[in-house]
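Colleague: Starting from these lines, generate the structure:
(6 chains)
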Amino acid sequence: MSTLHLINRSPFSTSILQELADAVSEGDHVLLIEDGVYAASGTTSRVLPEDIELWALEEDCTSRGVTPTSDTVGTLGMAGFVALTASTDRTVSWF
Amino acid sequence: MSTLHLINRSPFSTSILQELADAVSEGDHVLLIEDGVYAASGTTSRVLPEDIELWALEEDCTSRGVTPTSDTVGTLGMAGFVALTASTDRTVSWF
Amino acid sequence: MVSQGLTYALMVQGAPYSQQASHSALRFAEALPAQGHRVATVFFYHDGVYNAASMMSPPRDEPHLLERWRALHQTQHCELLVCVASAVRRGLLDEGEARRHGHPHPTLEAPFELTGLGQLMQAAFQHDRLITFAP
Amino acid sequence: MVSQGLTYALMVQGAPYSQQASHSALRFAEALPAQGHRVATVFFYHDGVYNAASMMSPPRDEPHLLERWRALHQTQHCELLVCVASAVRRGLLDEGEARRHGHPHPTLEAPFELTGLGQLMQAAFQHDRLITFAP
Amino acid sequence: MYDRQGSDIMNSRSILVIVRHPPHGTSWVREGLEAALVGAALGQPPTILFSGDGVLALLAHQQRGALGQKGSAAMLEGLSLYDIEPLWYDQRSLETRGMEVSQLMPGCQQACVADLIARHDVVMSF
Amino acid sequence: MYDRQGSDIMNSRSILVIVRHPPHGTSWVREGLEAALVGAALGQPPTILFSGDGVLALLAHQQRGALGQKGSAAMLEGLSLYDIEPLWYDQRSLETRGMEVSQLMPGCQQACVADLIARHDVVMSF
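Modeller: Okay, the predicted model is just below:
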C-alpha cells in the first residue's frame, strides 16, 4: 500500500514541501510536475524524508530549463507518470 | 512620495511578506486585504520594518474571525482603503 | 478627505465566483464617490475577463457580479474594458468576434467592450491611480 | 507494464489558457492507452469548468484545448462531465439551462455534459484511480 | 444515477477530502465541502481533513463576506448532521499559524495525516 | 486611440511592470510582458522587474511546453528591440532560489526593488 503525491506549484513561494514531509509514509512516491519541478534542482527537496522516492516530470523540467539533481531525483516521462499512478494505490495532489 | 502595498494572500503559504520587507521604503503603507488579513494577528507581520504603517481591512477580518493585534496593526474600512490610495502616490499589489 | 477628486483605473485579474478579487474591486469602486473620486476605467485581464460572461447565472442568494459591474458603469460612467486576446481564446466573443469566428451569437455584450492592451496602458498613463485586484 | 487495464477518473480544476492543469491532464490522459488503461470520466470543477466553453477561439499557433478534449472523448469514449452549479453561475449553460434562465443560445455543447457532484463521487467510487489536476 | 453501480461497490471505497486553502478568499473550501456532502447523501460520508491554510476554515466566529458571500462556517457546522464528523485537522498546520485548539469551532479533532491518507482508497484535494 | 490624451501626458507618467510568478505553469509572465510590449509600442517603454518566482523566467535554456505552449523566453529575448532593457532582477529572490547570475539569459541586471518602485508613477503586477 503506497501513495503517489503530486506537486505542481513552486516550492519557493509555497510551504507545500514542509507540509508534505509530515504527510508521507515510507515507500510513498513524490512526483514534481509543472512549476513543482523547480524543487528538483538544488537542495529544496531535502525537507522530505529519505525513505520516499522523489521524481520529476522530464518535459516540465525541459521547458523550464531545470536540471534535476541526479543523485536524489529521478526523471520520468509521461509513460512513467502513468505507471506510477497504476503501481501506487492512490494519488494525492498538493497545490 | 510614498507607496501603498496591497497584500491579498495568506502569509502562511506564501513568502510574500519576506519579499515585501526588501521592497518597502520608509513611510510606505501596507494594507492587508482578503486572505492577507491572516497576517494581522499574531507575530507574522514582524518581518516588516518598523518604519512602515501596517493596516488590515476590517470587513475581511470580520468575515474570517480574525482579530488584529491592535498595537501593531491598524484597521480600516473601505473608506479608509480609498483614502490610502489617494494619499499615497502609487499602489502595488502583491499576490 | 481629499479636496480634489481623482480618477481611477482598476485592473481586475481574478475570476468571478472562485476568487474574491471581483468582490474587492467592486466594493472599492463603489466607495470612491463618497470621497469625490470616481472609477474611469475597469480593465479585465487574465481570468478576470470571465467577469464579462453575459450568461452568468448565480443562485439568487449570491451576488450577481455582472449586474454589479453594469450598475457601476451606470453610476460612475466608467468604461468596462476586456482584453480581447485573453477573452477570445477563452470563448468570450462580442458580436463582431463571434461573426469572425463563425459563431452565431455573442457571449459578451455592452457595456463590456473588447479592447487591446493599449487601452490598459493608456488608462495607466491617463488616470490618477491604477489599482490591481488580483486572485 | 501493468497486465490489467485500469479505468481512470480525472478531476480538472484549472482554467484553460491561464494555468497548465488542462495541458497536464490532456497529456496524461492521452498516455493512458499505451499501457492498457483508459480514462473513463473527466470531471471539470472549480475554474476547470471553463474548459467546456464552446466558443473558445485560441490563436492558430496555440493548442485548442476544447478540440483536444473532444478528441479524447472520441478515442477513449470518456464522459466529459461539468459541475452544473459551478458552470451555470459562470455563464456556461447547455440548451436546457439556457432556456431555463431565459437565454436564447447555449454556451456549452456535447460531448460536454452538465451534471451534479454526485457524478464526481460516483466516478471516485467506481473507477480504479482518481487523479486531480489543479491550478 | 445511484443505480449505475452496485451498492457493494459504493461501500467498498472510502474517500478522504483534504481542504488546504483558506476560506473566503477563494471558493476551494465550499467546493470541497459540497463534494463531501454529496458523498454523504449517496450513503458514503467521506472523511474530511483540514491541513495547511485549510485549518483557517475551522476558526470560530466567522461571518458572511461584505458583499454577501456565504463563507463556509455554516456548512461546516452542519456536516455532523450528515455523519461527516469529526472535522480532522493537522496539528502542525495549527501551530505554524499560531492557532490554539480553543479558537476552533466545536467538533474538531487532531489527525495523523499520513495515517488518514493511507487508510482511504481515494483522496480528493481542494 | 493614441490621440485621446496629449503626448505630454503620455510622457509624464512612467510605468513599472513587476513579474512575480514562474513561467510555463501559468500565463502571468506572458501577460505581463505583453502589457510591457504594448507600452513600448505606444512610445513609452515600461521598466520591467523580476522578483520572487518571477526570476525563474530569466533562466537560460528554456523551451516550449510539451503541448506546444510558447513559454516566455523568446519574448524576453526580444524585449531589447523595443527599448525595454535591462531585465531587472531582485538579487535576494535569486539567492533564496539557489540561482547564480551565470544561469540567467543575457541582458539581466541587479535592481534595488524599493528604489525602482519609488521612481515610477504607476506599478502593474503580474
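
Colleague: Could you see whether chain D lies near the longest helix seen in chain E?
Modeller: Scanning chain E for the longest helix, with DSSP state H as the assignment, gives helix E:28-41. Yes - using CB under 8 Å from any CB of the partner chain, helix E:28-41 reaches chain D at E:28, E:31, E:34-35, E:38-39, E:41. (Glycine included, C-beta is placed from N, CA and C.)

Colleague: can you pick the most crowded of those residues?
Modeller: Sorting the residues of helix E:28-41 next to chain D by how many neighbours each has (other CB atoms under 10 Å in any protein chain shown) puts E:Gly39 first, at 28 neighbours.

Colleague: now, which of the residues of helix E:28-41 next to chain D sits nearest F:Leu16?
Modeller: E:Trp28 (31.7 Å; CB to CB).

Colleague: That closest one touches D:Tyr45, doesn't it?
Modeller: No - counting by CB atoms under 8 Å, E:Trp28 stays clear of D:Tyr45, with 10.3 Å between them.

Colleague: What strand or helix carries the nearest residue to E:Ala111 once chain neighbours are set aside?
Modeller: With CB to CB, 6 or more residues apart in numbering or on different chains as the criterion, E:Ala111 has its nearest non-adjacent residue at 3.8 Å, and that residue is E:Trp88. Counting by DSSP states H and E, the element that carries E:Trp88 is strand E:87-90.

Colleague: Same check on A:Glu19?
Modeller: Counting by DSSP H and E, A:Glu19 is part of helix A:16-21.

Colleague: Please enumerate residues in contact with the strand holding E:Trp88?
Modeller: Residues from elsewhere that reach strand E:87-90 (CB atoms under 8 Å, 6 or more residues apart in numbering or on different chains): A:19, A:22, E:47-52, E:54-55, E:58, E:76, E:79, E:104-105, E:107-111, E:113, E:116.

Colleague: Give the rounded mean pLDDT of the following helix or strand past that strand.
Modeller: Using DSSP H and E, the helix or strand that follows strand E:87-90 in sequence is helix E:91-96. The average pLDDT within helix E:91-96 is 96.

Colleague: just stretch E:24-34 next, same as before
Modeller: pLDDT averaged over stretch E:24-34 gives 98.

Colleague: do the same with stretch E:41-60
Modeller: So the average pLDDT for stretch E:41-60 ends up being 97.

Colleague: what does chain C put close to chain E?
Modeller: C:17-20, C:23, C:26-27, C:61-63, C:135.

Colleague: Quick one: neighbours of C:Ser22, just the number.
Modeller: Count around C:Ser22 with other CB under 10 Å applied: 27.

Colleague: Beyond the helix or strand bottoming out on mean pLDDT in chain A, next helix or strand please.
Modeller: Lowest by mean pLDDT, DSSP states H and E among the helices and strands of chain A is helix A:16-21, with a mean of 94. The helix or strand immediately downstream of helix A:16-21 is strand A:29-32, counting by DSSP H and E.

Colleague: Can I get that next one in PDB, CA atoms only?
Modeller: Extracted C-alpha coordinates of strand A:29-32, given in PDB (Å, rounded to 0.1, in the frame of the first residue of the first chain):
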ATOM      1  CA  HIS A  29       6.400   8.400  -4.200                       C
ATOM      2  CA  VAL A  30       6.500  12.200  -4.800                       C
ATOM      3  CA  LEU A  31       6.300  13.400  -8.400                       C
ATOM      4  CA  LEU A  32       7.100  17.000  -9.200                       C
END
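
Colleague: which strands and helices sit next to that strand?
Modeller: Applying 3 or more CB pairs under 8 Å, 6 or more residues apart in numbering or on different chains; DSSP states H and E, one finds that strand A:29-32 contacts strand A:3-7, strand A:53-57, helix A:78-87.

Colleague: The residue in chain C positioned nearest to chain F and chain B, how far apart?
Modeller: Closest residue of chain C to chain F, CB to the nearest CB: C:Leu117 (4.1 Å). Using CB to the nearest CB, to the nearest Å, we find C:Leu117 at a distance of 18 Å from chain B.

Colleague: circling back to that earlier point, after the longest helix of chain E, which helix or strand is next?
Modeller: By DSSP H and E, the next helix or strand past helix E:28-41 is strand E:47-50.

Colleague: partner strands of the strand holding E:Trp88, parallel or antiparallel?
Modeller: strand E:47-50 (parallel), strand E:108-111 (parallel) (DSSP bridges).

Colleague: roughly how far apart are the residue nearest to E:Gln110 when sequence neighbours are not counted and F:Gln63?
Modeller: In this structure, E:Gln110 finds its nearest non-sequential neighbour in E:Gln91, 5.0 Å apart by CB to CB, 6+ apart. Separation of E:Gln91 from F:Gln63 (CB to CB, to the nearest Å): 43 Å.

Colleague: Also E:Pro86?
Modeller: The value you get for E:Pro86 to F:Gln63, if CB to CB is used, is 48 Å.

Colleague: what do you get for A:Asp35?
Modeller: Distance from A:Asp35 to F:Gln63, by CB to CB: 15 Å.

Colleague: What does the pLDDT read for E:Asp3?
Modeller: 40.

Colleague: Repeat that for A:Ser15.
Modeller: For A:Ser15, pLDDT reads 89.

Colleague: In space, not sequence, find me the middle residue of the chain.
Modeller: Looking at chain A here, since you left the chain open. In chain A, the C-alpha nearest the mean C-alpha coordinate belongs to A:Leu31, at 2.8 Å (CA atoms, centre = their mean).

Colleague: wrong one, I was asking about chain E
Modeller: E:Ile48 (3.7 Å).

Colleague: That one and E:Glu34 touch, don't they?
Modeller: No - contact criterion CB under 8 Å: E:Ile48 and E:Glu34 do not qualify, at 11.6 Å.

Colleague: Which positions in stretch C:22-40 come out as buried?
Modeller: By 16 or more other CB atoms under 10 Å in any protein chain shown, the buried positions in stretch C:22-40 come out as C:22-32, C:35, C:37-40.
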